[in-house]
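Novice: got a predicted structure here, sequence first:
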Amino acid sequence: ATSFQMVTGVTLADVVGQSDKSYLPAEYREAEFCEDFEHRSEICARTWLRPYPQEQLMDIVPLGATKTDWNFDCTKHKRVLNLVRLFLLS
């Protein structure tokens, strides 16, 4: 199972520094993006510069396409992000 309900293939230029979200599927337009979204996007984009992602993974969700047929389930293995920070706030 995965925590992804939907994945859309976009370029880094599509997401960094853009206040216009019209290129996104309607379900994403009202979403609240994570803290440091632009910085995290730039870091992720570096991974896609390597040959393996370019050759093997781009066909899964091509640029401009949206994939929704994932094995989505958040009820079993819940992920807690920023666990250390969570304890500090408690």
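Specialist: Arrived safely, thanks for sending. This one's a predicted model, so the numbers in the text were calculated from it and none came from an experiment.

Novice: which residues in this structure form helices?
Specialist: Under the criterion DSSP state H, helices of the chain are mapped to 12-15, 26-29, 37-47, 51-52, 83-89.

Novice: what residues does the first one touch?
Specialist: Outside helix 12-15, the residues that touch it by C-beta atoms under 8 Å, 6 or more residues apart in numbering are 23, 37, 38, 41, 42, 45. (C-beta placed from N, C-alpha, C; glycine too.)

Novice: out of these, which is most surrounded?
Specialist: When neighbours are counted by other C-beta atoms under 10 Å, residue 41 leads the contacts of helix 12-15 with 16 neighbours.

Novice: residue ranges in the chain under the pLDDT threshold?
Specialist: 1, 18, 77-90 (pLDDT under 70).

Novice: would you mark the buried spots in stretch 61-80?
Specialist: residue 61 (16 or more other C-beta atoms under 10 Å).

Novice: on that earlier part again, which of the helices of the chain is buried the deepest?
Specialist: helix 12-15 (a mean of 15; mean count of other C-beta atoms under 10 Å).

Novice: the helices of the chain: which one's closest to residue 60?
Specialist: Distance to residue 60, taken as C-beta to C-beta, is lowest for helix 51-52 among those, at 12.6 Å.

Novice: that closest one packs against which elements?
Specialist: Helix 51-52 is packed against no helix or strand, with contacts defined by 3 or more C-beta pairs under 8 Å, 6 or more residues apart in numbering; DSSP states H and E.
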